[in-house]
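>>> Predicted model and sequence below, questions to follow.
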Amino acid sequence: MRKVENEKIGRRRVVYVLLSILVAAGIWLYADLTSGPNGTPQTQTREFLEIPIEYLYESTLTDRGLMLVDEDTDRTIDLELKGTRWLISSLDRSHIRVTASLYDVTSAGVQRVNYVVSFTDSRFGNNAIQRENASFGMATVNISELYSRTIDVSCELVGGVADTYSAGQVELSHTEVEVRGLQEDINPISYAKVTLDIGANAVETVSRDLELQYYDENGRILDKSGIYSSVETVRATLPVFVTKELSLFVNFTDGPGCRARNTEYFIEPATIAVSGDATKLKDVETLELGKYDLRELGTTASENYTTTNYLIILPDGCTNVSGVTRAALRIRFKDMTSATISTENISWLNLPEGKRVELLTDSLAVKVFGTEADVAALTGEDIAVTVDLDDYSAASGTYTIPAEVTVNKGDVGISGLYQIQVTIREGGEEPPPEEEAGPEDVEAAAPAGEDAQTGGTP
């Protein structure tokens with residue numbers, strides 16, 4: 001048992017010794033890469049060849065009528081960089097960025113500009129890596145004046161439209177553009193072209209932003225490098241048209257007693273052929289002629305149709321292929337009658353405080369209309385007449401007041417305007433006393449039990 005324990009202790013000691021050696025080696029290696037013999041930083045230089053130079057604000061040059069020319073312009077630089085052995089050994093050329101600004105360049109000619117060396121990895125910032133040497137102190141740039149020309153832009157169409165559809169002319173946002181660059185690059189340009197691919201079976205208008213391609217007089221494609229255009233892209237639009245049969249309809253306004261379901265009508269012509277933008281007509285199947293108020297038909301049925309003509313107004317951008325510019329609505333009621341019914345169902349609203357009302361109109365004749373069955377089923381009890389006394393709160397005396405007439409049975413309409421006469425009295429004022437009736441008057445009176453007073457419910 002003791003022997004096994006001694007073996008375990010021995011193995012652990014071996015592991016501890018190996019770990020100590022590795023840690024010591026790591027510390028020694030780090031110190032060797034970062035510090036000198038007396039603790040001073042241990043530095044090392046390293047050469048990086050042909051690092052690309054990135055020129056900034058080239059678009060600013062273009063705005064000034066200038067451009068950067070490759071010939072005689074420094075495009076790469078050789079650098080000798082210094083840093084600790086640890087950092088310099090881990091520095092990759094992809095971490096190095098050399099930039100030169102053209103913002104202050106305002107004239108043509110060969111010139112020199114300052115450049116800046118920076119690093120894309122933050123480990124090498126804060127002067128951890130320094131420039132020890134370079135193939136030149138300032139970058140040489142060749143600035144030339146831009147030569148400009150205006151050229152035509154055309155469009156090549158690829159694909160086709162589906163059956164029953166047709167295409168219009170291609171519309172371009174720019175039919176000509178200004179191109180600028182070196183004269184030797186601009187002179188060969190004969191025209192510019194964009195290519196619009198609409199697919200095999202286009203069923204709606206196609207519109208896209210397309211890049212320009214330049215061609216010489218023989219139709220050969222030219223290299224775009226070194227050519228600057230006044231626009232980056234050109235929008236090409238191909239209108240796609242469709243011809244459709246649209247059903248004509250009228251928007252009816254109906255009401256009690258005069259419903260569209262109780263009419264017979266037809267429209268001449270019933271449809272028209274319209275051609276227009278397929279996108280706009282995609283979900284369009286009908287065309288509204290206008291509105292028609294069914295109360296204009298009258299209150300009695302007729303064997304003759306009433307005719308109303310409408311101007312056919314097409315959707316924007318559409319063409320009337322049929323050539324018909326007007327349509328006629330011919331309409332009549334299938335079942336319509338009118339009648340005059342008297343009602344004693346008269347009441348009032350908003351009785352003024354401290355007042356009392358006497359109705360002088362006992363019965364009102366109301367003209368109604370609707371189907372024969374609905375009108376025949378009406379009685380005076382189905383018609384209500386109401387006056388609103390809200391505007392007479394301070395009034396006393398006899399007045400003729402507009403009345404609201406409603407029907408509470410069937411689908412029946414009311415013709416005309418109505419009014420009733422009322423007398424408004426102060427609440428403390430008593431009506432004139434009635435004379436005492438003699439025996440002969442009693443015998444001539446109305447049947448017993450009948451109340452002769454009429455009026456509304458206060």
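Now that the structure is in, tell me what you want to look at. Residues are numbered from 1 along each chain as shown.

>>> partners of residue 113 in the sheet?
Going by DSSP bridges, residue 113 is paired in beta bridges with residue 139.

>>> tell me the contacts of it?
Contacts for residue 113 (C-beta atoms under 8 Å, 6 or more residues apart in numbering) come out as 100-102, 104-105, 138-139, 141. For glycine as for every other residue, the C-beta is placed from the backbone atoms N, C-alpha and C.

>>> Format the residues you listed as TSV; extra columns: pLDDT, secondary structure and neighbour count.
Formatted as TSV, those follow (pLDDT from 0 to 100; DSSP: H, G, I helix; E, B strand; the rest coil; neighbours: other C-beta atoms under 10 Å):
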residue	pLDDT	secondary structure	neighbour count
100	96	strand	20
101	96	strand	14
102	95	coil	20
104	94	coil	10
105	95	coil	20
138	95	coil	13
139	96	strand	19
141	96	strand	22
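
>>> Now flag whichever of these is closest to residue 216.
Proximity of those to residue 216 (C-beta to C-beta) peaks at residue 141, which lies at 29.5 Å.

>>> Quick check: the gap between that closest one and residue 60.
Distance of residue 141 to residue 60, given as C-beta to C-beta, to the nearest Å: 13 Å.

>>> Which parts of the stretch 51-200 of the chain are helices?
58-63, 85-90, 183-186 (DSSP state H, counting those that start in this stretch).

>>> what's the closest of those helices to residue 305?
Using C-beta to C-beta, those put helix 58-63 closest to residue 305, at 73.0 Å.

>>> buried residues in stretch 160-176?
161, 165, 167, 170, 172, 174 (16 or more other C-beta atoms under 10 Å).

>>> export those residues to a markdown table and tack on distance to residue 85 and pLDDT?
Formatted as a markdown table, the buried residues of stretch 160-176 follow (distance: C-beta to C-beta, whole Å; pLDDT from 0 to 100):
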| residue | distance to residue 85 | pLDDT |
| --- | --- | --- |
| 161 | 71 | 90 |
| 165 | 73 | 88 |
| 167 | 71 | 89 |
| 170 | 66 | 94 |
| 172 | 62 | 96 |
| 174 | 59 | 96 |
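
>>> Pick out the most distant pair among the residues you listed.
Farthest pair in the buried residues of stretch 160-176 (C-beta to C-beta) is 165 and 174. Separation: 27.0 Å.

>>> about what we covered before: how about the helices of the stretch 51-200 of the chain in TSV, adding mean neighbour count, mean pLDDT and distance to residue 286?
Output for these, formatted as TSV (neighbours: other C-beta atoms under 10 Å; pLDDT from 0 to 100; distance: least, C-beta to C-beta, whole Å):
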stretch	mean neighbour count	mean pLDDT	distance to residue 286
helix 58-63	14	88	53
helix 85-90	16	90	75
helix 183-186	15	90	56
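
>>> Would you mind putting those helices into CSV with distance to residue 266 alongside?
Listed next are the helices of the stretch 51-200 of the chain as CSV, based on distance: least, C-beta to C-beta, whole Å:
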stretch, distance to residue 266
helix 58-63, 68
helix 85-90, 90
helix 183-186, 69
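
>>> which one of these lies closest to residue 365?
The minimum distance between residue 365 and these falls on helix 58-63, with 88.1 Å, by C-beta to C-beta.

>>> Show me the beta-bridge partners of the residue nearest to residue 289 when sequence neighbours are not counted.
Using C-beta to C-beta, 6 or more residues apart in numbering and skipping the chain neighbours, the partner closest in space to residue 289 is residue 310 (3.9 Å). Per DSSP bridges, the residues bridged to residue 310 are residue 327.
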